[in-house]
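**Q** I need the structure of the sequence given here:
(2 chains)
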Amino acid sequence: MKIATWNVNSLKVRLPHLLDWLAVEQPDAVCLQETKLTDDAFPVTEIQQAGYQVAFSGQKTYNGVAILAKGSLTEVSAGIPGFADEQKRVLAASMDGVRLICVYVPNGQSVDSDKYLYKLAWLDALRGWLTEELARHPRLALLGDYNIAPDDRDVHDPAAWADQVLCSGPERDQFRDLLGMGLQDAFRLFEQPEKSFSWWDYRMAAFRRNLGLRIDHILLSSELAADCKNCRIDTSPRKLERPSDHAPVVAEIQS
DNA sequence: ATGGCCTGCAACGCAGGA
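**A** Predicted structure coming up:
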């Protein structure tokens, strides 16, 4: 089973890139973030014609998540139970015995912002719910835009980013707490090139200069991690005209 | 030069992203 996550930064704009990428990559399931579409505007037909079932939870202008799958999606649920939130950032569904959880973690804006406090509270709530989900679903994958660069090697310029949002101690602690629940970073299960990133600013020719961050992740429960055969960041869509600022992350799991 | 770009909304600049 090949699973992927991709922050598309507007599904309306990126639909052609997504459809091309699905045709080439043929993933079994894809989690999307920042669809920026209300549910009535979701391109269901185009995605079904590409051979995928789809579940989505969107809103106007901001956020929005979706799960595309070649198999049937069951037990679909949106949001974090018990955590009231207008922002559409979480979608879970099961496919072929695997629990897929798609997350768009709040950005946080800056460490002195109210949005940063919301980010940390949101992550607390996510972990609380994940404890229950993991107990119910031992084969679980948490895929998405975490808006956290977990380690200095995930940052092009660690000194410049030190203690800044996406790299701050409390955010990295949150990521480590997720690992402490038994989840494993699929990307770091394998040897990887240095300076591997999943996001590059649109400004400053950052992609060409590889001035990026690794903030999009696939975390796997121990059962899935044991069966994971590879994980990579696919930078090819980032090279296209009018790209998303994020690249897809892909993991392959045996059987 | 601590900014540059992109998206959506509904305006002709703003919020938000990261």
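**Q** quick one: buried residues of the helix or strand containing A:F175?
**A** Assigned by DSSP states H and E, A:F175 falls within helix A:169-180. Within helix A:169-180, the residues that qualify as buried are A:171-172, A:174-175, A:178, counting by 16 or more other CB atoms under 10 Å. C-beta here means a position set from N, CA and C on the backbone, and glycine is covered the same way.
**Q** List just the nearest of those to DNA strand B.
**A** Nearest to DNA strand B among those is A:E171, at 11.1 Å by CB to the nearest atom of the strand.
**Q** Tell me if stretch A:147-158 is near DNA strand B.
**A** Yes - Stretch A:147-158 is in contact with DNA strand B by CB under 7 Å from any atom of the strand, via A:N147.
**Q** Run the angle between the longest helix belonging to chain A and helix A:169-180 for me.
**A** Identified as the longest helix of chain A according to DSSP state H is helix A:114-136. Per axes from the mean of the first three to the mean of the last three CA atoms, to 10 degrees, the angle that helix A:114-136 makes with helix A:169-180 is 10 degrees.
**Q** check contacts around A:W200.
**A** Residues in contact with A:W200 (CB atoms under 8 Å, 6 or more residues apart in numbering) are A:206-207, A:210-213, A:238, A:245.
**Q** State the distance from the spatially closest residue to A:D39 that is not a sequence neighbour to A:A206.
**A** In space, and not counting its chain neighbours, A:D39 is closest to A:G58: 5.3 Å by CB to CB, 6 or more residues apart in numbering. A:G58 sits 28 Å away from A:A206, going by CB to CB, to the nearest Å.
**Q** out of the two, which sits in the more crowded spot?
**A** A:G58 (24 against 17; other CB atoms under 10 Å).
**Q** Many thanks, have a good one.
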